[in-house]
Every structure is written in C-alpha cells, then in structure tokens.
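S.K.: just to be clear, the model below is a prediction. Sequence and coordinates:
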There are 4 protein chains.
Amino acid sequence: MTKAIQTAVMGVTGYAGVELARLLLHHPRLAGKPPVFAGRVDEKDTARGGVPLTEIHPQLADNNGSGNLRLQPFSWNLLAESGVDILFLATPHEQSREWVPEALARGIRVIDLSGAWRLTNSAHRAVYAFKDEETDTAIATQSQAVYGMPELHRAEIASAKLVANPGCYATSVILAMRPLVQAGLVDLDSGIIADSKSGVSGAGKAPTAKTHYMYAADNLSAYGVFTHRHTGELIEQIGLDDNQIVFTPHLLPIPRGILSTIYVRFRTPQTHESVAAVYRDFFKASPMVRFYESSLPQIQYSVRTNYADIGFQLSPDGRRAVVVSCLDNLLKGASGQAVQNLNVMQGWGEAEGLA
Amino acid sequence: MTKAIQTAVMGVTGYAGVELARLLLHHPRLAGKPPVFAGRVDEKDTARGGVPLTEIHPQLADNNGSGNLRLQPFSWNLLAESGVDILFLATPHEQSREWVPEALARGIRVIDLSGAWRLTNSAHRAVYAFKDEETDTAIATQSQAVYGMPELHRAEIASAKLVANPGCYATSVILAMRPLVQAGLVDLDSGIIADSKSGVSGAGKAPTAKTHYMYAADNLSAYGVFTHRHTGELIEQIGLDDNQIVFTPHLLPIPRGILSTIYVRFRTPQTHESVAAVYRDFFKASPMVRFYESSLPQIQYSVRTNYADIGFQLSPDGRRAVVVSCLDNLLKGASGQAVQNLNVMQGWGEAEGLA
Amino acid sequence: MTKAIQTAVMGVTGYAGVELARLLLHHPRLAGKPPVFAGRVDEKDTARGGVPLTEIHPQLADNNGSGNLRLQPFSWNLLAESGVDILFLATPHEQSREWVPEALARGIRVIDLSGAWRLTNSAHRAVYAFKDEETDTAIATQSQAVYGMPELHRAEIASAKLVANPGCYATSVILAMRPLVQAGLVDLDSGIIADSKSGVSGAGKAPTAKTHYMYAADNLSAYGVFTHRHTGELIEQIGLDDNQIVFTPHLLPIPRGILSTIYVRFRTPQTHESVAAVYRDFFKASPMVRFYESSLPQIQYSVRTNYADIGFQLSPDGRRAVVVSCLDNLLKGASGQAVQNLNVMQGWGEAEGLA
Amino acid sequence: MTKAIQTAVMGVTGYAGVELARLLLHHPRLAGKPPVFAGRVDEKDTARGGVPLTEIHPQLADNNGSGNLRLQPFSWNLLAESGVDILFLATPHEQSREWVPEALARGIRVIDLSGAWRLTNSAHRAVYAFKDEETDTAIATQSQAVYGMPELHRAEIASAKLVANPGCYATSVILAMRPLVQAGLVDLDSGIIADSKSGVSGAGKAPTAKTHYMYAADNLSAYGVFTHRHTGELIEQIGLDDNQIVFTPHLLPIPRGILSTIYVRFRTPQTHESVAAVYRDFFKASPMVRFYESSLPQIQYSVRTNYADIGFQLSPDGRRAVVVSCLDNLLKGASGQAVQNLNVMQGWGEAEGLA
C-alpha cells in the first residue's frame, strides 16, 4: 500500500474549485486526508482560523464533519507544514504563472487548471499576454509542463511535475478530432469547423453582464469568433497548422455541459465502420471516453459525470462527417480531468473517485 | 383634439426603462413625439450628442428611425427646452427623492416608478431610510403623491401632479386582496398569507451574486421574509393593520412574471358565486384586470401584457380561499402601469398603447 | 381605399396558429374583420356554436370582445358564406396537400405554412413522401406555388394564388447565404456549413418524448443530421447543387428563437466592407431584415419580432467568414412571415401589423 | 458479516426508477449483486434476453459492465429463481395494489414508492379510488404497511414487511411540521399553510400537455388546490385534524427539487432559539436532515442529494414563523428515501450509498 498523499487546493471558491473539493473529499485514496484549502482570507477570518467551507458552498455540508473544513490563509509555510505533495491551482492565469515556479522549486507537484502553461508555441500564448513571457523561469517552467489529457499523454503525465489541465472547449474538440487526424483520414486543406456550445458555468463565478440571468436565459449568442483562447490548444493537440480549424464558442442557457458539433471532410470516402474503428481503437484503454457506436450523445448524458461522449454521423457519400462531442465543462472539462490526472500521476486506477 | 404632450424618461438603461421606452415609442397618442431620454452620459458621448438608444438596447432597433434616438446628457435645461410635460423616473429611490421636488417646482408632472413616494405612513417608510425624511420639502412632496393604481385611485390619478407607481409584488397582492377586504369578507384576525414568486428581472439589471445565472437557474429561494419593502404598500393599500399580513417573496428561475398565491379565511362561509361577485363588481370598470371565473391564471397568460390576472379556489367548507394573482413585473408591475397612469392623467383610454 | 378582405385560419390550435391569430386580430388593415377560425370541433362544440378561442389560448383573452371569437366547424360552405378571400393553413403537410387544390379551385388565395408546396424539385420532395405526388392536380398546384420569402420573391408573391411559406430553419439560413452566393463570393466547392439551433416551439405542440420538459431542459442535442426536411429549401433557394451544404439542426432549451452559425469560404479574400456592402445592397428594400454592421445578433434581439437579424465576422486572412443569423421561429420563421406575405399580396406596407 | 441480499426493481423506466437503479448499482452493500430489473418487455426483447438498461437510460452507461444489465420480462418465477429478498416497486398505484399482497405472500419484503399503501384512514384513501378498497386482502395488507419516513418511524421500518415510501411533497412538509406540532408549539386552530413548488420530474415521464417544455418553461402554475393526493399523508403524519392544513402545489420550471414555504402561528410567542431547539432535538439522530441554524435553504443546496434541508424565520413578535423546507423530489422525495429505508430494514448505516 502506498503512503497516503496530501493534496492542497487553491481557488476553491469558484465553480471548478467546489467541484474539485467535492471530488477530493470523496476520493477513496484520500480518505481521512482532506485537502488543505488555502486562499485569501481576511483578518477577521484569520482570527477564527479561516472561513468554513460550508459558508462558501452550503451544498458541501453534510452531517459527518466536512462542516469543520476551513479555507485557511495561504502561505508557503502552510503548504510546507502540511506536507503537501500535490497542489491543485484553480486560480486565474496570472496567479498560476507566479505560483507554479515556486511550488516546483519546493518539490511540490502541480496540477494547474488555468491556461497558464498549456501552450508550447509562444505565438499561441500571445493571446494571454503573460507579463513573464520572456523570463528564464517561465521558459524553464513551460518546458516541464505536460498537457493533462490522459487519453493523449498518459505516460508523460505519470511522471510529470507540472500538469497543465486542458481547457473545457479544447477537451471536447481534441478528443473528437485527434483520432481522425492522427489516422490520416481528414482533409486538412478543407479545414475543420468546430461549433461549440457551453453552459454558463464556463463563464466563471464573477457576476458580469454576460453571466446575468437575463442575458443568458432564453438566449444563445456566439462570441470570441476567430479569437478564442482555446484555439491554440486545438491546433497544438490535434496536430494542425494554423488556419486549419475554425472554432466558434456559444453561450448556452444551461448551467453546465458542452456540446461540440464538428465538421470534417475526409481525404477518401469512408464507411461508418471505418471511422468507428478508428475511435474504438484510439480509446480502447481510456475508461473516461464513451464512444457511441450508432447514435449521437446529448449534453444530458454526460453532465455530472467525468465522461467525454463522442458519436458521429457520416454523409451518404462517405466524404463528410458530423462529429458530436459532449462533456461536463466542470468535470471532464476541468476538475474531473484534474482528478483523472492525479490518478495517473499516482498510478491509481484512472477512474477512481470519478464514478 | 388635445395638444400633443412631451414626455421624458430618466433611467432608460434598466429593465423597466427599456419597456417604458418601447411602450412610449409605440403609443398612438405620442406618435411623432418620442420621449426625451435623459441620463448620465460621459464626455465622449456628449461630444457626439449622446448615446444611441440602440447601443444600449439592440432590440429597440428597427428600420424606421428609432435608431436615431439618443440618451442625452441630463439637465433641467434640457427638459425645459424640450417642453417636457410629463417626466417618468425609472431611477433609484434616492434619486427620485431628490429630483421629484425640483420637477414639481418646475411645473412638470411626474410618474415615479421607484419606491420613493409610495408610502404615507412614516413608520412604513423607515425601511427605506431616506436621508431627507424630515425635511419640509419631502413632507410637502409626499402629501401630493397619489398611489398609482388606477383600479383603486382612478380619480385622484387623473388630477395628480405626482404619481407614485406601485411596486410589482404589491400590485399583484393588492389587486387580489383589496376587493375581498373592502367587501368585509376577510377574517383579518387570522391574517393574510401572501406567498409571491417573481422572475429575475425584478432583481434589477446590476450583475450581482443573486442575479448570476448559476444562482437563479434550476433554483428557488425565499428572501426578505418578514422584512420586504413592499409590505408597507400592502398594509396601506389593502387597508390592514400591521401584522395582518405575512408576505414572502421568492426568486423564480424565469426572466419575468409574478405569481402570488394568497391565503385568506372568511368571516362567514362563502360560495364561489358570492366571492366571484365581489371581484366582478370591483373590476367592472377596469380594463386591465382579467378575472378568471372558474380557473386559475398562470404566469404565461399575462407575461408581456399589461393585464393583472386573478382567480381563486374555495375550500369545500367555504371558509378559506386560495387566490392566485399573476402579472408581468415589468408591465402591470412597473412600466405598463406607468403608461396606464399616463393615460388616466391625460384622460385617454386607460388601455391605449397597452394592447 | 381598398375593400376590406376576409381572412380565414385553419390550424389555430398550434403554436404558429395562435401567433397568426394574434397578428391578424391586431392587424390595422383587418380592423373589424376578424379571421374566420375553422377547424375540427366535436358534436358538443358544434351545438354551442364552436369552441371559444380563449378556451384554447387563454392568453388571447382581453376585455374588448375577442373572447367572443370561436373555432367553428370547418366546411367549404363556411368559407364560402363568410366570403373568405385569403386562407391561411397552419396545418400538417398532408392536410395542406389535400385542401390547397380545392381552395384554389374555389378562387381563394392560400398562404400555406406547411412544407407541402415549398419544393420545386421532386427529388427534394421525396423526403415528405406525399401520397399524391404523381397526380395531375398536385403537379398543377405545385406549378402555381411561389416560395413566400419577400426578400427573394417579392414580385411573384404580390400576384401569387398560392404562397408556400418557408420553413423556419430555412429562412434563417437562406437570408444569410443567398446574398453572398448570388454575389459570387462563396467557394461552393468547399461547401457551406450551417449549424442551426432552435427553441422547442419548433418541435410542435404535440406532447412527445422530445418535447417533454425533462428532455429539452438543461440539454442540447443534434438531430436530423444529413436528413432534415429543410435541406431541399436551402439548396433550391440559395441556389446550390446537392452536397454543397451540410445542415445540422439542434434542439435548444428555450421556448422560441433560432440562431444559425454559418461557415463559408470565399473564392477570393474579402474585406469586412466588401462583404457588408453585399448584405446592405441585397436588403436595402427589405424592412424586416436587420443587418448588423459590426456586431453579431443574438437570439434575444429578434425574439417576439418579425425581424431576421444577420451579422458576420471575417477571418484575419479574409478567406473565411462566420455568419450569424437569428429570428423568431414562430414569427419571421412562420406566422410573421405569413402576414408579411399577406401584406405583399395585398399591396400593403410590408411591415404593417408586424411592429 | 451479513449475507448479501438480492434486490429487485419494478418500474425502472421512470424518473424515480432510474435514480433507484443508479443508487442500488453503486450501493456498497450490494457490490457484485446488482438488482434484478423486471418489467414489461415485448416478444422481440424477450428473444434477446430483455432490453439493455442503457438503451432506456444512456446516462447509466459506463465502461465497467453495467452495459450488460437488462430489463427482464417480469414473472414471479423470475423473482423466485433470483432469490429476491427485497422488492422495490416504482410502479403506478394500481399495480402496487395488485402486486404487494402477492409479494408478501411469497415472503418478499417490499418498498413501495407509489401511493398505494401510505394512508391508514380510508376517508383519505378515497382520493385514489382503489378498486380493491373493501377486500380482506387489501385491509390485511394495509395493516402491515409502515410509513417509510425513518425520521418518524425508524423502529417500525426496521422490522417492516411492507414499507410505504412517502410522497415527495409530503416528505418536505411533514419533516418541517411534525417537530413543531409534536412539541405543541403550533396553534392548530389557525391552521397550517403549506405552499409547495416542485420541479417537472415530479409530474412523471409520460409526455402530456403539462409536461411539454412550452407549458412548463418560463411559467409557474398552481394546481390541485384543496384536492391534492398528498394532503392525507400530511394530516396523518403531522398529526392533524382535517381542515387544519391548506396545501397548494405549484409546477416550477426546473427539472428537479421541491421547496415548501410553510406558515404557522404559535400558541405562545417563541424565540429563535426555542424553535431551533425543537428541530435540533427532533433530528439529532437523523443523518439525512440538515437543519439550518440561521439561514434558509434553497433548492440548489439539496438537489442531487438525499438531504432534506429545513430552516425558518421568526416574525418580530415571535408569534408566526415561515419555515422553508427543500429536498430533491427524486431522492429524499422518492428513490433516495427508499434506499434509506432499505438501509434501516437491513440494519445498515442509514446514509450508506447515499453520499
């Protein structure tokens, strides 16, 4: 039996944060070892030993003691004293740029849910305008980062010091396209069209004009056309040249869930079976992807699970396909995938704690 | 034929404001005389003559010129030069406390959609904590205010200088209860229970934790229990003593609409017909109330109309009734009722421009 | 002054039907001449002179007499005795196939909201599997049908005996694509991708597994991939060869509204202005289309209006565009467009009764 | 260690059924012993050994074998051969009336989720109009039934042969009122008002006019006023005389969750603490009830959990209280409570399999 590890979570107040807290608190391998929840607390809270988690998230309350967990004032000392082995960052990009190098220097492995370390190509990173882009530390840190999608990089994740957890939209499109592109089926000159739709939790917890109920409800809107930050992830992880994909995100009037409708042309006509075989083969060792043999997934099927669901429909002439890919943006698109990465890093069953 | 009047609107950027703009722009009696839209605009906007209304509310755009209307920098001079006869205030309470006396002094009649001047009893007003509560001006102004519910105060509204447009919840409960109480049917010692539910637009346009889509959607929550500001209006306009009503508002996961479920005991057993007769009689001259003879209204029936819908169910022993009252919080509960008041003040048909 | 005309509506019980009833009852040119509402009523209803409309649609009730309107038992005699000039059919396809020839034979002009007569190419019609496909009557009737999209066929509609009102999805895609294709901008070999999303009213009023609240809410699903009935309309009216468009409809968790995200490649690089000029020019005489110069429309802007809203975003290299097209599926996508066609047929202002 | 038991589920196709399947498939005490799913399957399905569960509920699919579970053709032989110890019935009332006596006769313990056996007073049962009401078998069966609310009847449930699982609305109101009434606080002459609101899953899976998305969405409606079937449960389990409670259910535009707002008068003035103490004491051994000391629960906090959440607000004079009670209608209001009853019947931890 492996020694119990100590986890810590920064940024537990957001939507991804609370999902992460819930998953880690119920993870069978972490039983009796709740994460350290570290964050910004004010002076009053410091005096009483931090903020009760159930004050931030009433739904975390139960009758067995999680009511005693607190958000504690962050310090590197806190992490050191708690003997933290693995640190989850559910923090803004800029904060992750600052903290990750320090955590690595202290020998703490990091799973970063932000976009800070996902992109290897500096031209793609430009969209984030990181202040430390040119520093030696940043360059060295980036070189250690592994893109945290076990279906593509299982072996590298197992030994990674820094896992860059993928974007939610990116996960839904990459899992659907990488198998077909890698198998050489797709006519890349024609380009891939990814029309994605996401629930409002993807827009974050800050109250803004766009997250107001009156804006989102009974509505649908496209945004970030030709400019969305996840485009770089799509290009790098599917294995495309720039301009070989058009990605359009939309804001759906639902709390959570992503559905991507993806359009491809094939280099040569395919049969349903020839395409299905590629998917089946690609995901044969991947417990968190469900391939739909003959129907299409819907958002409801994967919401509140860590599954990515993939199905497709072939045109009568076999030259085009519409691929539909669904997942829960807070689970397989964020915190669930982070726990999946934890499992891979620790050598545990990939789906443990994610049922 | 009466001379065309000039209206002005302050606070057009909010939800009630845009409904008011829409109604006034299409009002047959105001054809060719669009309202003056006055408000806070910054220096840049001043330079170009104000903000185009369609920039604030794209849904107001059409192909016939309303695209040229602008939100102009507010000044008393602007109102004077435009010859404004009637000023609508869809502004915060505090602003209405400040502006109404000045407007009245300048001979402009005011329809105020805020809670600033609705309450005649100073104890009830305490909930607002107005800063000018004790001033002579405020006392004099309050004495001129007429509660703007035509079904109760039609004659006074006709000649009013200041109409205090009712609260949305208050309208739904008062219209349902005043007839029964006035007719002496209700056992007031037992008290009235008003359980009201409102769509999110009632919470205003400011992005807050409570108006975030993730808070409101798939949820229901009670708030302001025993403390809501509309309680004073209920007491004063239904004609109750304090403590004779309990009012509980809830936040519904819908954009607009209010449904109030109201519980009363009768002093003596009633028949369906004896109760129905009271309602029929009370509203016989009121074109904007629809009494449901034998069924109950639902929110959908009155949303996007200026109707208040009222129906009831009697207990088998005739001693209790459940009254259901529905309306659109932005129309009969705010801007529609304001236009209804305009009609009454001008001697026009009460339902004109409200079809 | 033209003589007042008499309209009739079949199929008023559905969602398009009630919108049509509402529009016609408030149409300024039909004041005092309410439509004849004809349909199936049972024996009991016949005895009392038909079903009150407000029993079917409580929201149609007002205090000025529309409560007296009734759904009357259909018969050709009823139409003849009422002197019906124009008949609206909001009926199933099969019923329209049967009734339209008879109505035309009786000299009644028809606006048919079903898919019965929209397609000129019999191969495209095959998807409907009409029973009368081969009859002389059907062939003769089809030859008289004009596709009822005023922006494309204004002159033919003006004199048409039979107007085939377009499909809702089709309207949103055709209006967005026809201008660009007609101007020769689009690389048709690359094909057009139309990813459309519609509210649930588009699925009709019959309670089915798919229209159950629990199926549609908090969900998104693609359906009819490569097989949807509106594809033929797209091909014929945009002016494409088969296989030059892929159309994927989705079921949105909102009551009404369609947003289509449409992907095109240009034959030569374009500027924002070169594309905008094409749209501006195409719609310069079309009061019911709003072209968005520099932003993208959203579903909320056009819902409950008869406008089709169109905007686009150009890729940095000018070789691709994402066009977004929105409309209300029950108005510009059905009953509103039907009234627009009525206006054109009668020589009235195209937007009358549609404000 | 106790011998593993065999469960069976009838009626797995409905909303309560799928929740029950999900809970039982993951219950730690049933590991390796999946329930027998028995039901109506047609001839074709019989031939292939029944219907795969994942065909009925795609969301039950995973990669670990539950895909092999099937809905098998029901027969008493099937139950006998499988050695079923406990039978869950998520079936219509009439079916439960028929099957429960037979199951008991065969020595199978039953947890019945229908309303068939909940009411001890035949006058209250009249609302169901059971056909077998007068038979000896029915009378004998009823006498064995225990009302399945562990917080009230834990000991009787432990040894029960037949557990009548409570109604969803009833659970939310009884848990909130029984403590206060039992403690003698409530002025019963004034009566209790229970204003309840439920998500659409409470209305069942059959597509009807009321469960159509267009009916439920953006709407709220009261129904069953003074006549709802759960009223008898409230009277019997809270311990009231008839006419001491008015219960009004409403249909909320959300998938799941119930919030009841309950109004009581106290016989003597109370303090917040005196009321809180009653609740704390009543639920001190009840792990599935969360009492809110100083705030009010909302639907979101308990949805997708088996908790019943209870909070209250006291009027300034201490004479009235508004109690708010929330739960998930499919879990604590149906299948979760059924599993809780299973745990009590087996002597397991009451919350096992319900985290």
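M.R.: That came through, no problem. Owing to the predicted nature of the structure, the values given are computational and were not obtained by experimental measurement.
S.K.: and stretch A:324-339, does that touch chain B?
M.R.: No: Stretch A:324-339 lies out of reach of chain B by C-beta under 8 Å from any C-beta of the partner chain, never closer than 10.6 Å. Placement of C-beta: from N, CA and C, glycine included.
S.K.: what's the average pLDDT for that stretch?
M.R.: For stretch A:324-339, the mean pLDDT works out to 98.
S.K.: tell me which residues of it come out buried.
M.R.: A:324-339 (16 or more other C-beta atoms under 10 Å in any protein chain shown).
S.K.: what count of nearby residues applies to the residue of the stretch 1-150 of chain A found nearest chain B?
M.R.: In the stretch 1-150 of chain A, the residue that lies nearest chain B is A:Tyr15 (7.1 Å; C-beta to the nearest C-beta). Per other C-beta atoms under 10 Å in any protein chain shown, the neighbour tally for A:Tyr15 reads 22.
S.K.: residues in contact with the nearest residue to it once chain neighbours are set aside?
M.R.: Computed as C-beta to C-beta, 6 or more residues apart in numbering or on different chains, the closest residue to A:Tyr15 that is not its neighbour in sequence is A:Ser201, at 4.7 Å. Neighbouring residues of A:Ser201 by C-beta atoms under 8 Å, 6 or more residues apart in numbering or on different chains: A:Tyr15, A:Pro255, A:Arg256, A:Asn329, A:Leu330, B:Met214.
S.K.: ok, the first one touching A:Lys205?
M.R.: To tie it back to what came earlier, the one meant is A:Tyr15. Yes: the criterion here is C-beta atoms under 8 Å, and A:Tyr15 meets it with A:Lys205 at 5.6 Å.
S.K.: shared neighbours, these two?
M.R.: What both A:Tyr15 and A:Lys205 touch, as defined by C-beta under 8 Å, 6+ apart, is the set B:Met214.
S.K.: sorry, back to before: among the contacts of A:Ser201, which two are most distant?
M.R.: Spatial extent of the contacts of A:Ser201 (C-beta to C-beta) is set by the pair A:Asn329 and B:Met214 at 12.1 Å.
S.K.: which of the helices or strands spans A:Ile262?
M.R.: strand A:258-265 (DSSP states H and E).
S.K.: is chain D contacted by whichever helix or strand comes after that strand?
M.R.: Per DSSP H and E, the first helix or strand lying C-terminal to strand A:258-265 is helix A:272-282. No: using C-beta under 8 Å from any C-beta, helix A:272-282 stays clear of chain D, with a minimum separation of 12.3 Å.
S.K.: and the residue of chain A that's closest to chain B?
M.R.: Closest to chain B within chain A is A:Pro207: 3.8 Å, counting by C-beta to the nearest C-beta.
S.K.: residues contacting the residue nearest to that residue when sequence neighbours are not counted?
M.R.: Distance criterion C-beta to C-beta, 6+ apart; nearest residue to A:Pro207, sequence neighbours excluded, is B:Pro207 at 3.8 Å. Residues near B:Pro207 by C-beta under 8 Å, 6+ apart: A:Pro207, A:Thr208, A:Ala209, A:Thr211, A:His212.
S.K.: buried members of those residues into PyMOL, please.
M.R.: The PyMOL command for the buried members of these (criterion: 16+ other C-beta under 10 Å) is given here:
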select buried, chain A and resi 207+211+212
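S.K.: closest one of the contacts of B:Pro207 to C:Gln6?
M.R.: Of all the contacts of B:Pro207, C:Gln6 sits closest to A:His212, with 46.8 Å by C-beta to C-beta.
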